[in-house]
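>>> Pasting a predicted model and its sequence here:
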Amino acid sequence: MATTTARRSRPSRSSISLRSVEPPEVEQFAGFCAELKLENGSAMQLEPFQRRMVTDYFAGTTETLILVSKKNGKSSLLAALSLYHLVVTPDAECVIAAASRDQAAIMLKQARGFIRRSESLGRLMEVKQREIQSTVDDGRIRILAADADTADGVIPTLALVDELHRHKSADLYGVFRDGLGPRDGRMITISTAGDDDMSPLGLMRKAAVELPGLLVEGAYRYARSPDGSYAMHEWALDAKADLHDLVVVKAANPASWQTVEALRRRHDSPSMTAAQWARFACGVWMREEDSAISSTEWAACATGYAPIPGGEAIRVGVDLGWKWDTTAIVPHHMSSEGVATVGDPVIVVPPRDGTSTAKANILDPILDLADRYHLIEVVIDPAAGGEQLAQELEAHGIEVVAYSQKPGPMSLAAERLTAAIRGRTICHPDLHEFNAQVLAASRRSTAGEAWSFVKPKSRRAIDGVVALAMVHSIAVEAMSAPAVSREVVFL
């Protein structure tokens, strides 16, 4: 069991620099690419940002993560790299993996096209249904779906992982990584932005940006582990940027062919949605349309945040999860002007051995808040062990308000919270785990146009947003009708 209070973390500029000397293999690879023909018949020219992408790989980096928006030539680059690897590596074992076999086949199709349009490559390689085989040794390029069982025993000299944001688990990535050692293999993972920062890709990116010495140059971020074995390149806008300013968006699209006019055509397409544009053109992590809360609107509510001063009047929302789910404890202050401030939430993680969270691990943080602030009341659902906790709190002189998590009350809570977020009448401390729980919530229709928060398909915890919605609803009720009984809320 662990009790954590998440703290804000900001990327910082530092003295880390890109590799100052480009390995000679980069120039050799650029020359190889210049001999390849694209579908339009023109030669493939390795652009500066693409040279940057592969520099770490050619310098010996074991794992490279590349995050860049769609239509910036990801598949063509890695297809060319796989062919180059097959030519220069004796008995190469290059594997291409994606979330599905069809997705992996896209990159293989690109490689086949290069071979078909090149007489010299046609003599060196033989195209099979799911493989490209060398005609001079036992080397090959083959595709695998994201199923770790099919990859057991693979010892790649080069592993290419495509669109990791679609992978449901990190199993295949782990199998590839563990198989790199025997032949000094290397791995490149390339993807667009994901929609869940607790996914395999999200956790990998989070670990990368927390490496010491993150380099930030506008929309570009570069991180490298101290031993040089891991590197990340990312082109992405901040969620608070103007995602409709196409000059700004261009910074997250380094390819020369992604001009402002080309971006405008994509932006103005009737089929383009706001979430798709943010993720696939701007590199912003954002859930799709089933997301209950817009990441852009939520991020805007962190602007100008100031902590709740000690001694101020607060309420605390609690969403309990004793065995498998987390418990969220969320402080909430409502000003006389109706502007809400969220204090630092506490996320209590239960033991992972099947036993329940100790009551003290939930009670103690609430008592600590009571010592630091004027605690008006604690808002809690009486079900799921809430009654016992309420008795403990009342024994300490703390008033408890019951708020049912049935559809009616929670629809009202969801409506009030989302209205505050849209109107920016609520501010929050921009904490990673809390943000993740807020943005993970999906919508579920209840009655008519009403809806409430529900867990996403990934089953990501949303206790933070549930606790916040409950306590915010109570605060709004107290502001709007302080003299009227609030019992109607709890039916």
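Perfect, thanks for sending it.
>>> Can you give the domain ranges for the protein?
For the chain, the structural domains run 9-280, 299-490, going by automatic domain parsing.
>>> quick one: which of these is nearest residue 293?
Judged by CB to CB, the one of the domains of the chain that comes nearest to residue 293 is domain 299-490, at 5.9 Å. C-beta coordinates here come from the backbone N, C-alpha and C atoms, glycine included.
>>> In this protein, where is pLDDT below threshold?
Under the criterion pLDDT under 70, the flagged ranges of the chain are 1-20, 99-101, 103-104, 145-153, 165-170, 198, 287-290, 448, 458, 481-491.
>>> can we see that at 50?
1-15, 148, 483-491 (pLDDT under 50).
>>> Work out which residue lies at the spatial centre of it.
Residue closest to the average C-alpha location in the chain (CA atoms, centre = their mean): residue 197, at 2.6 Å.
>>> what's the helix or strand for it?
Secondary structure from DSSP states H and E places residue 197 outside every helix and strand.
>>> chain center to stretch 387-404: distance?
Distance of stretch 387-404 from the chain centroid (CA atoms, centre = their mean, to the nearest Å) equals 36 Å.
>>> buried residues in that stretch?
Across stretch 387-404, burial judged by 16 or more other CB atoms under 10 Å covers 389, 390, 392, 393, 398, 400, 401, 402, 403, 404.
>>> want to throw those residues into TSV with distance to residue 378 and secondary structure?
As requested, these are exported to TSV (distance: CB to CB, whole Å; DSSP: H, G, I helix; E, B strand; the rest coil):
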residue	distance to residue 378	secondary structure
389	9	helix
390	8	helix
392	10	helix
393	6	helix
398	6	coil
400	5	strand
401	7	strand
402	10	strand
403	10	coil
404	15	coil
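>>> related to what we said a few turns ago, would a markdown table of the domains of the chain with distance to residue 293 be doable?
Converted to a markdown table, the domains of the chain look like this (distance: least, CB to CB, whole Å):
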| stretch | distance to residue 293 |
| --- | --- |
| domain 9-280 | 12 |
| domain 299-490 | 6 |
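>>> so which of those domains gets nearest residue 286?
Evaluated with CB to CB, the domains of the chain place domain 9-280 nearest to residue 286, the distance being 4.5 Å.
>>> ok, now how distant is the spatially closest residue to residue 37 that is not a sequence neighbour from residue 40?
Nearest residue to residue 37, sequence neighbours excluded (CB to CB, 6 or more residues apart in numbering): residue 117, at 4.0 Å. Using CB to CB, to the nearest Å, residue 117 is found at 11 Å from residue 40.
>>> Quick check on these two: which one has the bigger neighbour count.
More crowded of residue 117 and residue 40, by other CB atoms under 10 Å: residue 117, with 14 against 5.
>>> same for the helix or strand containing residue 94, what does it pack against?
Counting by DSSP H and E, the element that carries residue 94 is strand 93-98. Here strand 93-98 touches helix 74-88, helix 101-116, strand 140-145, strand 158-162, helix 171-178, going by 3 or more CB pairs under 8 Å, 6 or more residues apart in numbering; DSSP states H and E.
>>> so which of those gets nearest residue 409?
Among those, helix 171-178 comes nearest to residue 409, with 39.9 Å by CB to CB.
>>> ok now the helix or strand following that closest one, how far from the chain's centre?
For helix 171-178, the following helix or strand on the C-terminal side (DSSP H and E) is strand 186-191. Distance of strand 186-191 from the chain centroid (CA atoms, centre = their mean) equals 17 Å.
>>> quick one, strand 186-191 and helix 101-116 angle?
110 degrees (axes from the mean of the first three to the mean of the last three CA atoms, to 10 degrees).
>>> Report all helices and strands that strand 186-191 contacts.
Strand 186-191 packs on helix 48-58, strand 63-67, helix 74-88, strand 158-162, helix 171-178, helix 200-209, going by 3+ CB pairs under 8 Å, 6+ apart.
>>> List the neighbouring strands of it plus their orientation.
Strand 186-191 has these partner strands in its sheet, going by DSSP bridges: strand 63-67 (parallel), strand 158-162 (parallel).
>>> tell me the most buried of those?
Most buried of the strands paired with strand 186-191 by mean neighbour count (mean count of other CB atoms under 10 Å) is strand 158-162; its value is a mean of 26.
>>> and the angle from that one to helix 171-178?
Relative orientation of strand 158-162 and helix 171-178, computed by the same axes, to 10 degrees: 160 degrees.
>>> Is residue 136 in contact with residue 124, as I believe?
Yes - assessed by CB atoms under 8 Å, residue 136 is found in contact with residue 124 at 6.4 Å.
>>> Can you pick out the residue with more neighbours from the two?
For the pair residue 136 and residue 124, the greater number of neighbours falls to residue 124 (16 against 12), based on other CB under 10 Å.
>>> give me the number of residues near residue 257?
Residue 257: 10 surrounding residues under other CB under 10 Å.
>>> name the element it belongs to?
Going by DSSP H and E, residue 257 is not part of any helix or strand.
>>> neighbouring contacts of stretch 270-288?
67-70, 192-197, 202, 219, 234-239, 241, 243, 249, 252-253, 263, 266-267, 289, 291, 294-296, 439-440, 442, 456 (CB atoms under 8 Å, 6 or more residues apart in numbering).
>>> Now do stretch 365-380: distance to the chain's middle.
Centroid separation for stretch 365-380 versus its chain: 32 Å, with CA atoms, centre = their mean.
>>> And residue 341, how far from residue 333?
For residue 341 relative to residue 333 (CB to CB), the value is 5 Å.
>>> again, but for residue 162
As judged by CB to CB, residue 162 and residue 333 stand 46 Å apart.
>>> same question, residue 59
Counting by CB to CB, the gap from residue 59 to residue 333 is 51 Å.
>>> Can you pick out the residue with more neighbours from the two?
When neighbours are counted by other CB under 10 Å, residue 59 and residue 333 differ, and residue 333 comes out ahead with 21 against 17.
>>> wait, what's in contact with that one?
Residue 333 sits next to 308, 312, 313, 314, 315, 340, 341, 343 when contact means CB under 8 Å, 6+ apart.
>>> That one belongs to a strand, doesn't it?
Yes - according to DSSP: H, G, I helix; E, B strand; the rest coil, residue 333 belongs to a strand.
>>> Could you report the distance from it to residue 310?
Distance, residue 333 to residue 310, by CB to CB: 11 Å.
>>> what does residue 440 give?
31 Å.
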